[in-house]
Every structure is written in structure tokens, then in C-alpha cells.
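Curious how this folds, go ahead:
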Amino acid sequence: MQSSCSGTSLGLGLDDKKDSDKVFEEDGVTFLVDDAIFATTGAIKVDYIKASGCGCGGGSGSGGFSVSSEKKLGRGGSCSTGSCSSGSCGC
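Residues are numbered from 1 along each chain as shown. Now for the predicted structure:
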């Protein structure tokens, strides 16, 4: 979990299994979720999104992963400058 000016979000990272992890396997890929985080998020959905050619970079890009949770996550802070408030990161 990470917080930014647009709120709390989930991300992917590489890690070693710990005793406090829940383990999920899908299509030969193993996902580890810390038990305390899972209690906050509920079910987690991981999708691969193809690049659409729009957004912050303006280029075609290579796409990326979208990670969402069953439960609504808390809001983050706010920012008064940069792309979060300028609206330049959308399509």
C-alpha cells in the first residue's frame, strides 16, 4: 500500500514469503499479500492494461498493471501543484 496526493493505492513488488503472508496462485503466478494489508483491502484484483497512447507520457507506452481492492481504501493527502491537481494524467 502506498499513499499519494490522489489517495491510497496498491502496487506490485517482488518479495520473499513471510509467515504473515497470505498466498494466492493464479495461472502459475504466486501472489503474496501481507495478512494485515489483506484485512484492510479484502479481495485484490490484478489486471494488465494495454497502453492507449494517452496519459501523462503522451506516448504509446507499453501498458502496465492495475491493482484494485474489494474494499475502499482511505484517502491520501492533497497536493496543490503538479500533475495531480492539473488533471494532466487522464485521458
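
other SSEs contacting the longest helix along the chain?
Assignment by DSSP state H gives helix 35-41 as the longest helix of the chain. In terms of contacts (3 or more Cβ pairs under 8 Å, 6 or more residues apart in numbering; DSSP states H and E), helix 35-41 is packed against strand 21-26. From N, CA and C alone the C-beta is placed, and that goes for glycine too.

For the strand it packs on, which strands pair with it and how are they oriented?
Strand pairing for strand 21-26, using DSSP bridges, gives strand 29-34 (antiparallel).

what's in contact with the strand it pairs with?
15, 17-18, 20-25, 41, 44, 46 (Cβ atoms under 8 Å, 6 or more residues apart in numbering).

doesn't residue 23 make contact with residue 35?
No. Residue 35 is beyond contact range of residue 23, at 10.6 Å (criterion: Cβ atoms under 8 Å).

give me the number of residues near residue 9?
The number of residues packed near residue 9 is 15, by other Cβ atoms under 10 Å.

same question, residue 10
For residue 10, the count of nearby residues is 19 (other Cβ under 10 Å).

residue ranges of the strands in the chain, please?
Listed in chain order, the strands of the chain (DSSP state E) span 2-4, 7-9, 21-26, 29-34, 44-49, 64-69.

Identify each buried residue in the third one, please.
So that's strand 21-26. By 16 or more other Cβ atoms under 10 Å, the buried positions in strand 21-26 come out as residue 21.

can you give me the angle it makes with strand 44-49?
40 degrees (axes from the mean of the first three to the mean of the last three Cα atoms, to 10 degrees).
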